[in-house]
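Student: This is a predicted model, with the sequence first.
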Amino acid sequence: MSSIVVSGLEYAPPGGDSLFFDVGFGVAPGEHAALVGANGVGKSTLLRILSGELQPDEGEFALGGTVLTMTQDAGMARPKDALRDMLVEVAPAALRDAGRALHAAEATMMAGEDDGTGYASALTHWGDLGGYELEAQWAAAARRSVKTPVEDFSTRLVGELSGGERKRLVLDLLLTSGADILLLDEPDNYLDIPTRLWLEERIQACPSTILMVSHDRTLLERVATKIVVVEGSGAWTHGGSYATFPAARAARQEQLGDALKRWKDEERRLFQHMKVMKQRAAQNFKNATKANAAETRWEKFVAAGPPPPPVPDQRIKVRLRGADSARRVAALNGVSVDGLFLPFSDEIHFGERVGLIGPNGTGKTHLLGALAGTIGPHDGTIAFGPRTSVGLFTQVNDRPEFHGSTCMDIVGRRIFDEEQAMKALGRYGLAAQSRQQHQTLSGGQKARLEILCLELDGHNVLLLDEPTDNLDIESSEALEQALDGFVGTVVAVSHDRAFLTTLDRFVMITDDGEVYSLPDVELALTALHAPDRLGSLRLAKRLSG
C-alpha cells in the first residue's frame, strides 16, 4: 500500500534544540497532501527524514512501496555537470548508487587507471537494476520538457538548459515515474506561471501518493486534498483543500482555547471539592474516605494534563515606510539587456506597483538588475528622478556582504542600539536566530532578514525579485499588507498569482522578446495563461518596437 504513516517523530539538529517533536500524521494511498507551517519549523527536515537522508531522534514512520524524492534545489545542478548526473540524483536509491558508481568507473577508465573491467561491471549492474529502462524514461521526459532535442544525456550539459527546463524535466520524470510515493520539496519554486499551470495539471493527474511542501497559495488550493500542519508541539491534519484551511485553523484555535478553559474550570472545581471534603474530614473522621477519594480524583485529573493550548500565531510585522519622491520615479528609453528583449521605453511613476511578468528566461531579472545598477552595461538609458532611494531584494537572497555575519551583526549596522535591533529581529520572527550566521539560515529566514534590511535602509523605490518564493504563507501576507501601506514605488518580478493581485499594472516580456504594457491583473493573468492571444487582447499596449 502506498501510504505514509508517521508517529511521534522528534528531531534536533546536531548541537541544537529540538526542531519538532511528537509529529504524527497519515497520508492515504493516492492522496496529495501539503505540508505547511512557518519558516524554520522543519518541513524540509521532515521530508529528509522520510526519504532516509536523516535519522529521527525519536518516533517511527512507514512508507509503502517505491519512494522518489525531489529536494528544493533539484534541477539546480552545477552548469558543467552532465544531464545524466542531474537525473541520477532523483532516481530510486539503488539506481542512484549504481549511476554514481558507473560515472566513477567511467572516469577511472578514461583516466587510464582501469582497463575497462570495472566499467563493464558497473555497466552490467546498472542494466540489471533497470538503468536502461530509466534512460528511456529520461528520453521521454526530455522530449516533453526540453525545447531542443537531447541526443546524449552523458554529454549534454546542465547549463545548456534554462532553469525552467531543468526543473520541468525533473518534475516530468517524477510525476510520470509510476512511483508509489513522491516527496516534493517546493516543486513550484523558480517556475513561471505557464509551467505552474502544467504542474497543477500533472499533480492532479498523478496516481502516486504525494507529500509536498509549497508556499504557492493558488497551487495549494488547486491540488492539495489534505493539509498537514506542523506547529505547536506536533502536527495536525485538515482533511480538505487549502481553500478551506484558514477557516478550519481558526475554528481549531477557538476549540483549543475553549477546551483549555473547560479543563482549568474543572481542575478548580475538583480542587475546591477536595478542600471542602478535607475540612469536613477534619471535623468528622467519617468523611475521611470521601476526602481521600476527592484528592485521588483531583490528582489523577491533574496528572493526565491539560489539552494543548491554541498555537501562538506567527506575527511578522513588516513596516516599510518609504518616503516621497518626484512624480516620475524612472524613465526608461530604448532599454534592452543582453539582447534578451527588444528595446522598449516606459515611465514609472511615484506610488505605482509594477509587476514584471512573462515566461522564464525572457530577461525579467536582468531588467530588474539594470534598474538596480547591478547588471550592465545595457542598451538605452535609465534615469531616476530626484529624491529616489533604490533597494533591491534578490531572488536567491544571495548577499555576499552578509556571509560570515550573524543576524545581529547585520541589523546592528543599521540600528546601533542592541535592544532595538533585537526588537526589530523579533518583529520578523528572527529573535532566536540573532546569533546565527547568515549562511546557516533557512531560505525563508534569509528572505525575511533581507526584507528587514530594506525596511531599515528606508528606501522609497523597492525592486523585488520573487519576494515570496521562500517566504511562508503568513510572511507573504505580512509583506503584501506592508506594501499596501508603503509610501513609495514597487517594481516586482513574481510568478506568485496571489501576490500579483496586489500590484497595479504589468510589463510583460514574451518568448519572442516583445514587451507589452498591461493595465490590470485580470488582463495580465489572461495573457500569462494564453500568451499566444496577447497581440489581440484588448488594452494590451506594445512597448517594444
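Tutor: Alright, I've got the coordinates. Everything numeric in this text was worked out from a predicted model, so none of it was measured. Numbering: from 1, shown residues only.

Student: Going by C-alpha atoms from here, please, whenever you check contacts or count neighbours.
Tutor: Noted.

Student: Bridging across strands, which residues link to the closest residue to Ser405 other than its chain neighbours?
Tutor: Nearest non-adjacent residue to Ser405, counting by CA to CA, 6 or more residues apart in numbering: Gln437, 5.3 Å away. As for beta bridges, Gln437 partners with Thr406 under DSSP bridges.

Student: Gln437 is in contact with Cys407, isn't it?
Tutor: Yes - contact status for Gln437 versus Cys407: in contact at 6.4 Å, counting by CA atoms under 8 Å.

Student: Comparing those two, which residue is more hemmed in?
Tutor: Legend: neighbour count by other CA atoms under 10 Å for Gln437 and Cys407, higher for Cys407 (25 against 17).

Student: Report how many residues lie close to the nearest residue to the more buried one once chain neighbours are set aside.
Tutor: Once flanking residues are discounted, Cys407 sits nearest to Ser434: 4.9 Å by CA to CA, 6+ apart. Per other CA under 10 Å, the neighbour tally for Ser434 reads 19.

Student: How about Val390?
Tutor: 19.

Student: Same check on Glu522?
Tutor: Neighbours of Glu522 (other CA under 10 Å): 12.

Student: That one falls within a helix, correct?
Tutor: Yes - according to DSSP: H, G, I helix; E, B strand; the rest coil, Glu522 belongs to a helix.

Student: any idea how far Arg497 is from it?
Tutor: Distance of Glu522 to Arg497, computed by CA to CA, to the nearest Å: 11 Å.

Student: Also Ile227?
Tutor: Counting by CA to CA, the gap from Ile227 to Arg497 is 20 Å.

Student: And Ala421, by the same measure?
Tutor: 33 Å.

Student: neighbour-wise, which of those two wins?
Tutor: Ala421 (21 against 15).

Student: Contact partners for the more buried one?
Tutor: Each residue near Ala421 by CA atoms under 8 Å, 6 or more residues apart in numbering is listed here: 408, 411-412, 415.

Student: Check those residues and tell me the two furthest apart.
Tutor: Met408 and Ile415 (9.5 Å; CA to CA).

Student: So which of these two has more stuff around it?
Tutor: Met408 (23 against 17).

Student: name the element the more buried one belongs to?
Tutor: helix 407-412 (DSSP states H and E).

Student: Check which helices and strands that helix sits against.
Tutor: On a contact count with 3 or more CA pairs under 8 Å, 6 or more residues apart in numbering; DSSP states H and E, helix 407-412 meets helix 418-427.

Student: what about dumping the CA coordinates of the helix it packs on to PDB?
Tutor: The C-alpha trace of helix 418-427 is given here as PDB (Å, rounded to 0.1, in the frame of the first residue of the first chain):
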ATOM      1  CA  GLU A 418      21.200  46.300  20.600                       C
ATOM      2  CA  GLU A 419      17.900  46.300  22.400                       C
ATOM      3  CA  GLN A 420      16.200  48.000  19.400                       C
ATOM      4  CA  ALA A 421      18.000  45.700  17.000                       C
ATOM      5  CA  MET A 422      16.600  42.700  18.900                       C
ATOM      6  CA  LYS A 423      13.100  44.100  18.800                       C
ATOM      7  CA  ALA A 424      13.400  44.500  15.000                       C
ATOM      8  CA  LEU A 425      14.500  40.900  14.600                       C
ATOM      9  CA  GLY A 426      11.600  39.800  16.900                       C
ATOM     10  CA  ARG A 427       9.100  41.600  14.600                       C
END
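
Student: Could you list the buried residues of that helix?
Tutor: For helix 418-427, the neighbour count (16 or more other CA atoms under 10 Å) marks 421-422, 424-427 as buried.

Student: Residue ranges in the stretch 201-350 of the chain under the pLDDT threshold?
Tutor: For the stretch 201-350 of the chain, the stretches with pLDDT under 70 are 233, 311-318, 320, 322-323.

Student: swap in the chain?
Tutor: For the chain, applying pLDDT under 70 flags the ranges 1, 77, 233, 311-318, 320, 322-323, 396-398, 545.

Student: most remote residue from it's center?
Tutor: Here the centre of the chain is the reference, and by CA atoms, centre = their mean the most remote residue is Asn284, at 67.8 Å.

Student: What distance do you get for it to Lys278?
Tutor: Taking CA to CA, one finds Asn284 at 10 Å from Lys278.

Student: before we move on, back to that, now tabulate the buried residues of helix 418-427 in a markdown table and tack on distance to Arg202.
Tutor: What follows is the buried residues of helix 418-427, written out as a markdown table (distance: CA to CA, whole Å):
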| residue | distance to Arg202 |
| --- | --- |
| Ala421 | 46 |
| Met422 | 45 |
| Ala424 | 42 |
| Leu425 | 40 |
| Gly426 | 40 |
| Arg427 | 39 |
